[in-house]
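> Predicted model and sequence follow; I will ask about them next.
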Amino acid sequence: MTFEMDFARYLAAKKTVDDRALNRNVWDVLAHTLPPQPLHALEVGAGIGTMIERLVERGVLTRAHYTAIDADARNIDELKRRCAKFTPTIQIDAHAIDVFDFIAQAPEYDLLIANAFLDLVDLPRALPKLLSLLKPGGLFYFTINYDGATIFEPVIDAELDHAIEQLYHATMDRRAGGSRTGRRLFQALRGANAEISEAGSSDWVVFAGAQGYAHDEAYFLHFIIETVRAALENEPTLAHDRLRDWVTQRHQQIDEGTLLYIAHQVDVVGKSSSASA
Ligand SMILES: C[S@@+](CC[C@H](N)C(=O)[O-])C[C@H]1O[C@@H](n2cnc3c(N)ncnc32)[C@H](O)[C@@H]1O
């Protein structure tokens, strides 16, 4: 099959998957512990702005200066387009910049958000820098942190499915991020003197109901399969034709509405140290 990898469409399709997945207890603690508004929020790796939409549309953010940064200028352009409707009550400053370049010049914020982002960075190195962006006692909301389990059903070949999952994790672990970011956050936050107020799982569960996959979630699934293929296509321990056949079958399962996809993830909300400078 020919498949166009459109990252902005993937992020838009991911929105409804995240909507279902985001941990309700963690969300409620965020909503109930926000400082008085207007507040100053920063979102890192903000993508096309779906978290801003969610926070505003669910009535959690009512008045804010919201700074959104992302390394990819195309995401920032799309974020500005999607979120323009929220001004003037939500004033959005959106910048295409690497977060670590941004940190050097940034002021302090009341609220720091990272959704589906922390598993892309070197957590022990990044976390203290990110938390330094918060005012003392400021709130962090770190969500959709991947945590070591990807499940595709029905099984194609138990040994091959397992090998693909493990090899995929190894590619994550070789990059800056980590395949066990969710569980590692707890110690890393403690080490940075941050206090976790609530935590819980935020697993993606994508399945086809009687009407097929919801919204644009079939595209989301095709994109995930292609992401696995791209990560593993040069893997020396995996025969090329075995990967190709596995990918073909997974795409077919999506077209037939039989693929179930589950990814284990963790959300946390809490406060930075009130003693920090
Ligand atoms: C998986 S996407 C999640 C996007 C968005 N938070 C969402 O959930 O829809 C991760 C985003 O982080 C951005 N990103 C990755 N590394 C970054 C960095 N060092 N600085 C800024 N943005 C980065 C990518 O461009 C991408 O848009």
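The structure has been received and is ready for your questions. Numbers count the residues shown, from 1 in each chain.

> alpha carbons only for contacts and neighbour counts from here, please
Fine.

> Off-centre distance for stretch 229-243?
25 Å (Cα atoms, centre = their mean, to the nearest Å).

> Need the contact partners of it.
Taking contacts as Cα atoms under 8 Å, 6 or more residues apart in numbering, the residues outside stretch 229-243 that touch it are Ile164, Leu167, Tyr168, Thr171, Arg244, Val247.

> what packs against the one helix or strand Leu42 maps to?
Leu42 is located in strand 39-44, with elements delineated by DSSP states H and E. Here strand 39-44 touches strand 64-70, strand 109-115, going by 3 or more Cα pairs under 8 Å, 6 or more residues apart in numbering; DSSP states H and E.

> and the last one, does that touch the ligand?
Yes: contact between strand 109-115 and the ligand, assessed by Cα under 6 Å from any ligand atom, occurs at Asn115.

> tell me which parts of the stretch 1-150 of the chain are close to the ligand?
11, 45-47, 50, 70-72, 97-99, 115-117.

> same thing but at 5 Å, please
Leu11, Gly45, Ala46, Gly47, Asp70, Ala71, Asp72, Asp98, Val99, Asn115, Ala116, Phe117 (Cα under 5 Å from any ligand atom).

> In terms of pLDDT, where does the fifth one sit?
In this case it means Asp70. pLDDT, Asp70: 98.

> from now on call the first residue 361
Okay, residue one is now 361; in that scheme the one you just asked about reads as Asp430.

> Give me the neighbour count for it.
If you count neighbours by other Cα atoms under 10 Å, Asp430 ends up with 23.

> For it, give me its contacts.
Contacts of Asp430 by Cα under 8 Å, 6+ apart are Val404, Gly405, Ala406, Gly407, Ile436, His455, Ala456, Ile457, Asp458, Val459.

> Please name the bridge partners of the first one.
Under DSSP bridges, the beta-bridge partners of Val404 are Ile429.

> per-residue confidence at it?
Val404 is given a pLDDT of 98.

> I'd assumed Ala474 was in contact with it.
Yes: assessed by Cα atoms under 8 Å, Val404 is found in contact with Ala474 at 5.4 Å.

> Neighbour count: these two, which is higher?
Taking other Cα under 10 Å, Val404 and Ala474 do not tie; Val404 has more neighbours (23 against 19).

> returning to that earlier point: cross the contacts of Asp430 against strands and list the overlap.
When the contacts of Asp430 are checked against strands (DSSP state E), the matches are Val404, His455, Ala456.

> now, which of the residues you listed sits nearest Gly497?
Proximity of those to Gly497 (Cα to Cα) peaks at Val404, which lies at 18.7 Å.

> if I look at Ala623, how far off is Gly508?
In this view, Ala623 and Gly508 are 8 Å apart by Cα to Cα, to the nearest Å.
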